[in-house]
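Participant: For reference, the sequence and a predicted model appear below.
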Amino acid sequence: MNRKIIKHYPKSNISLSILIIITLLINVFSFGYNSQASDEGSCEVYFSKESITQTLPLDKRLISRLNSATVSIDAALYDLDSTPIANALINAHKRNVNVRVVLENTNADEDEVDLLEQAGIVVKDDGDNRGLMHHKFFIIDGRYVWTGSYNTTFNGAYRNNNNVLWIESMKLATNFTQEFREMYVLNQYGKFSDTNIQFPLITLKDGTEIRTFFSPENDTITPLLEEIRSAQKSIHFMAFSFTHDRLGDAIREKHKKGIVVKGIFDESGLNRYSEYQVMDRDGLSVTVDRTRGAMHHKVIIIDEKTVITGSYNFSKSAEIRNTENLLIIKGNKKIAQVYIDEFRRLGFPISK
């Protein structure tokens, strides 16, 4: 499918300043601004598998959020082959909500993409970008961010194990809006993207701290290594793909020092580059998920307090080539606990 691609142009400090000012002005005039930080709300976590306390599938949860949009929806999606989600975007467009979508080029020929375009929604893709446009995020009304490992597909909602964060934060929305505009408006990916993040550390009203990173323009490996090396008691991880040697080395070093390490790998990621074989050989408590559907999480939990998640697989490609987002969440034990519960649900008991 041929789409008009905007040429690359170098981004000056002036254009960055203008972008930030425009973003903040939109937020101020569309939603109001409270200097007491009332614009920083809460963070909710959802998983694709149902439980006693969670009975709504991810696609239906997302559709409910899209149906609530009144001003804008920006979507950066690796894949879109869910007709109900496409219809929710079309319905929003019909309500005069400003809907914009950017996709991974290799998935731009889906029937659902045609539906969006036929309805008048402008869809763009990453063209001949060297890496994957691997995001799975939505920004709604410049105030809410939906992000995580969930691709907007039937399998993503009903077969694969995925996690999603729904966060009310105008500051986080500003960060993601900047990332979205670099792709959708400026066609900037990889080294062409700006390294600046307007709000690198955000504190929600309940004290939850969120650090935002976008690869490959941001240094993601340093903060990941710092978090792993900071572990005092335990490291638990759920990895669709884990091939990054430096991350694997850091985890093995913590194991040698007596830190509890437990990890779940997806079966499809067991290639010759996988860290599974080396960790298993060195005596780490690692297992392979071989159940129906992909174990698609990209999650590390440190000391049952810090959660690392996003679209970011633990690979060199995620670090230096693909367009990804990575969040590091601290200060909220309830959030950490629900990820630990998911780890346990996948069949690996937690050892203290």
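Facilitator: Looks like it came in fine. Here the structure is a predicted model, which is why all the values come from computation and not from measurement. Numbers count the residues shown, from 1 in each chain.
Participant: Sketch out the low-pLDDT regions of the stretch 51-200 of the chain for me.
Facilitator: For the stretch 51-200 of the chain, applying pLDDT under 70 flags the ranges 51-55.
Participant: for it, what spans make up the strands?
Facilitator: Counting by DSSP state E, counting those that start in this stretch, the stretch 51-200 of the chain has strands at residues 72-77, 98-103, 123-125, 136-140, 144-148, 163-169.
Participant: Would you mind giving those as JSON lines with distance to Asp280 added?
Facilitator: (Glycine included, C-beta is placed from N, CA and C.) Below are the strands of the stretch 51-200 of the chain laid out as JSON lines (distance: least, CB to CB, whole Å):
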{"stretch": "strand 72-77", "distance to Asp280": "34"}
{"stretch": "strand 98-103", "distance to Asp280": "37"}
{"stretch": "strand 123-125", "distance to Asp280": "39"}
{"stretch": "strand 136-140", "distance to Asp280": "29"}
{"stretch": "strand 144-148", "distance to Asp280": "27"}
{"stretch": "strand 163-169", "distance to Asp280": "25"}
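Participant: Reformat these as CSV; add mean neighbour count and distance to Ser274.
Facilitator: Listed next are the strands of the stretch 51-200 of the chain as CSV, based on neighbours: other CB atoms under 10 Å; distance: least, CB to CB, whole Å:
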stretch, mean neighbour count, distance to Ser274
strand 72-77, 24, 27
strand 98-103, 22, 28
strand 123-125, 21, 30
strand 136-140, 24, 22
strand 144-148, 25, 22
strand 163-169, 23, 21
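Participant: So for Gly310, which of the ones you listed sits nearest?
Facilitator: Nearest to Gly310 among those is strand 144-148 (6.5 Å), distances taken as CB to CB.
Participant: angle of the closest one against strand 163-169?
Facilitator: Inter-element angle recorded for strand 144-148 and strand 163-169: 160 degrees (by axes from the mean of the first three to the mean of the last three CA atoms, to 10 degrees).
Participant: strands paired with strand 144-148, and their directions?
Facilitator: Using DSSP bridges, strand 144-148 pairs in its sheet with strand 136-140 (antiparallel), strand 163-169 (antiparallel).
Participant: Out of these, which is closest to Asn96?
Facilitator: When the strands paired with strand 144-148 are compared (using CB to CB), the closest one is strand 136-140, at 14.8 Å.
Participant: Nearest to Asp39 among the strands of the stretch 51-200 of the chain would be which one?
Facilitator: With CB to CB as the criterion, Asp39 lies closest to strand 163-169 of the strands of the stretch 51-200 of the chain, at 7.1 Å.
Participant: So which residues make contact with that closest one?
Facilitator: 39-48, 58, 61-62, 65, 143-150, 202, 204, 210, 297, 299, 309, 327, 339, 342 (CB atoms under 8 Å, 6 or more residues apart in numbering).
Participant: what does stretch 315-324 give?
Facilitator: So stretch 315-324 is contacted by 126, 129-135, 183, 189-190, 193, 214-216, 220-221, 241-244, 310-312 (CB under 8 Å, 6+ apart).
Participant: Among those residues, which lie within helices?
Facilitator: Among the contacts of stretch 315-324, DSSP state H puts 183, 221 in helices.
Participant: For PyMOL, what selects the buried ones among the contacts of stretch 315-324?
Facilitator: In PyMOL syntax, the buried subset of those is picked out as below (16 or more other CB atoms under 10 Å):
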select buried, resi 126+129+131+132+133+134+135+183+189+190+193+214+215+216+220+221+241+242+243+244+310+311+312
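Participant: Show me the domain layout of this protein.
Facilitator: 13-198, 221-345 (automatic domain parsing).
Participant: Could you pull out the helices in this structure for me?
Facilitator: Going by DSSP H, the chain shows helices at 13-31, 58-67, 83-94, 111-118, 154-158, 170-184, 221-229, 245-256, 276-281, 316-320, 333-345.
Participant: And the ones you listed: which comes nearest Asp74?
Facilitator: helix 170-184 (4.7 Å).
Participant: do you know how far the residue nearest to Pro57 when sequence neighbours are not counted is from Phe265?
Facilitator: Nearest non-adjacent residue to Pro57, counting by CB to CB, 6 or more residues apart in numbering: Ala157, 5.0 Å away. Distance of Ala157 to Phe265, given as CB to CB, to the nearest Å: 22 Å.
Participant: Look at these two and report which has more neighbours.
Facilitator: Taking other CB atoms under 10 Å, Ala157 and Phe265 do not tie; Phe265 has more neighbours (25 against 21).
Participant: Write down the beta-bridge partners of the more buried one, one by one.
Facilitator: Using DSSP bridges, the beta-bridge partners of Phe265 come out as Ala239, Val288.
Participant: Could you do Ile139 as well?
Facilitator: Counting by DSSP bridges, Ile139 is bridged to Asp74, Val145.
Participant: Do I have it right that it meets Asn175?
Facilitator: No - between Ile139 and Asn175 there is no contact under CB atoms under 8 Å: 9.6 Å.
Participant: returning to that earlier point: in this structure the residue nearest to Pro57 contacts Asp59, no?
Facilitator: Yes - using CB under 8 Å, Ala157 is in contact with Asp59, at 4.1 Å.
Participant: Overlap of the contact sets of the two?
Facilitator: Jointly contacting Ala157 and Asp59 under the rule CB under 8 Å, 6+ apart are Ser82.
Participant: Ser315: how many residues sit nearby?
Facilitator: 23.
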